[in-house]
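Participant: sequence plus predicted model, see below.
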Amino acid sequence: MEKIDHTVTDEDVDKDIEATQKKNARLITVDDRAIENGDIAVIDFEGFVDGVAFDGGKAENYNLTIGSGNFIPGFEEQIIGHSTDEDFSINVKFPEEYQAEELAGKDAEFKIKLHEIKAKELPEVDDEFVKDVSEKETVAEYRDELKETIAARLEDEAEKDKDNQIAEKLIELLEGEIPQAMYDNQVNEMVRDFEMRIRSQGIDMNTYLQYMGIDLDGLKKMYADEAKKRVQLRLALETIAKKENIEVTDADLDEAYNKMAEAYKVDVETVKGAVPAETLTLDVKAEKALNTVSYTHLRAHET
């Protein structure tokens, strides 16, 4: 089984510090150079197709981060190299699959006025910076803390990677046809679980679907591949659980219900009403089976 190196290097610490610097960066106006990738362009723009302005193609004082990929291909790249107060035009082609059908695949010209260039200025990494972003007093203390944090993260990633490798191996060992109904039921469970999660954030399912521009069937299609893997893994784990005589106690179920209630920020009775004990029992049994499986155990099943 492939292993992950847990060694934390100075480079790892530097990357974490750099990420924190970027989060705490301040914007400054740049007027002594042309715009570069990563800068923020404050622009007016108006788009034309065949010389005619189109709806939704105009804005004023728009803040566009160059390199963000928020605009159609070629738009941001052509702003690079221009300077403050410059007027210019760029030419782009809308993607064939563009959401506005009347623009899909069309060539367009955008007239642009570049008002201002903003750049992120990173704070200096000194003791004052450390006090602002952590509970430590010095850079040395902060770096030591980060090493511990990164090591814990790598350990967690290693555990997840081990579980994924075991899961993939288990699925490879699975034999026999699986009824489509089992996949459909898993998709429905995943949709139910998702609905509980967004409800805990004060969002109802209909509002979410409208915002995303999809219907319930579209949401189910998004879960189809993952549902297939889960069903295959579940069946393999059920076989392991049976061979290992794994049982689920009332205490196991109570613990699982309490964890779900805490995760969804609802009371336990609400979770019990949404998740039948029979379903949760299978989940807990599968988790126990996964925890008992070792790579050696899997190799034994192959032979």
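Facilitator: Ah, there it is.

Participant: C-alpha from now on. contacts and neighbour counts both.
Facilitator: OK.

Participant: residues touching the closest residue in space to Leu290 that isn't next to it in sequence, list them.
Facilitator: Using Cα to Cα, 6 or more residues apart in numbering and skipping the chain neighbours, the partner closest in space to Leu290 is Leu237 (6.6 Å). Residues near Leu237 by Cα atoms under 8 Å, 6 or more residues apart in numbering: Leu170, Ala286, Ala289, Leu290.

Participant: any idea which element Leu237 lies in?
Facilitator: Secondary structure from DSSP states H and E places Leu237 in helix 216-243.

Participant: what helices or strands is the helix or strand just after that helix leaning on?
Facilitator: Next along the chain after helix 216-243, taking DSSP H and E as the criterion, comes helix 250-264. Judged by 3 or more Cα pairs under 8 Å, 6 or more residues apart in numbering; DSSP states H and E, helix 250-264 is in contact with helix 268-274, helix 277-292.

Participant: using neighbour counts, pick out the buried residues of the longest one.
Facilitator: Of the residues in helix 277-292, those with enough neighbours to count as buried (16 or more other Cα atoms under 10 Å) are Leu280, Thr281, Leu282, Asp283, Val284, Lys285, Ala286, Lys288, Ala289, Leu290.

Participant: for those, which one is nearest Tyr142?
Facilitator: The nearest member of the buried residues of helix 277-292 to Tyr142, counting by Cα to Cα, is Leu290 at 36.9 Å.

Participant: gap between the closest one and Asp184?
Facilitator: For Leu290, the distance to Asp184 equals 23 Å [Cα to Cα, to the nearest Å].

Participant: what of Ala286?
Facilitator: Distance of Ala286 to Asp184, given as Cα to Cα: 19 Å.

Participant: quick one: contacts of stretch 132-147?
Facilitator: By Cα under 8 Å, 6+ apart, the surrounding residues in contact with stretch 132-147 are Val8, Val13, Asp16, Thr20, Val125, Asp126, Asp127, Glu128, Val130, Lys131.

Participant: all strands of the stretch 1-150 of the chain, in order?
Facilitator: 26-30, 40-49, 52-65, 87-93, 107-121 (DSSP state E, counting those that start in this stretch).

Participant: can I get these in CSV with distance to Glu76?
Facilitator: Compiled in CSV, the strands of the stretch 1-150 of the chain are given as follows (distance: least, Cα to Cα, whole Å):
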stretch, distance to Glu76
strand 26-30, 18
strand 40-49, 9
strand 52-65, 8
strand 87-93, 10
strand 107-121, 11
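
Participant: tell me which of those strands sits nearest to Thr270.
Facilitator: Closest to Thr270 of the strands of the stretch 1-150 of the chain, according to Cα to Cα: strand 52-65, at 43.9 Å.

Participant: ok so, going back, just the buried residues from the contacts of stretch 132-147, in PyMOL please.
Facilitator: This is the PyMOL syntax for the buried subset of these, where burial follows 16+ other Cα under 10 Å:
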select buried, resi 8+13+20+130
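
Participant: closest one of the contacts of stretch 132-147 to Thr207?
Facilitator: Ranked by distance to Thr207 (Cα to Cα), those are led by Thr20 at 34.2 Å.

Participant: hang on, the earlier thing: just flag the most distant two among the contacts of stretch 132-147.
Facilitator: Greatest spacing in the contacts of stretch 132-147, by Cα to Cα: Val8 and Glu128 (24.7 Å).

Participant: still on that earlier bit, closest to Lys243 among the contacts of Leu237?
Facilitator: Taking Cα to Cα as the measure, Lys243 lies nearest Ala289 of these, at 9.7 Å.

Participant: and the closest one, what does it touch?
Facilitator: For Ala289, the contact set (Cα under 8 Å, 6+ apart) comprises Leu237, Glu238, Ile240, Ala241, Glu244, Ile246.

Participant: what does Lys58 give?
Facilitator: Here Lys58 is in contact with Asp44, Phe45, Glu46, Gly47 (Cα under 8 Å, 6+ apart).

Participant: who wins for most neighbours among the residues you listed?
Facilitator: Highest neighbour count within the contacts of Lys58, by other Cα atoms under 10 Å: Gly47, with 22 neighbours.
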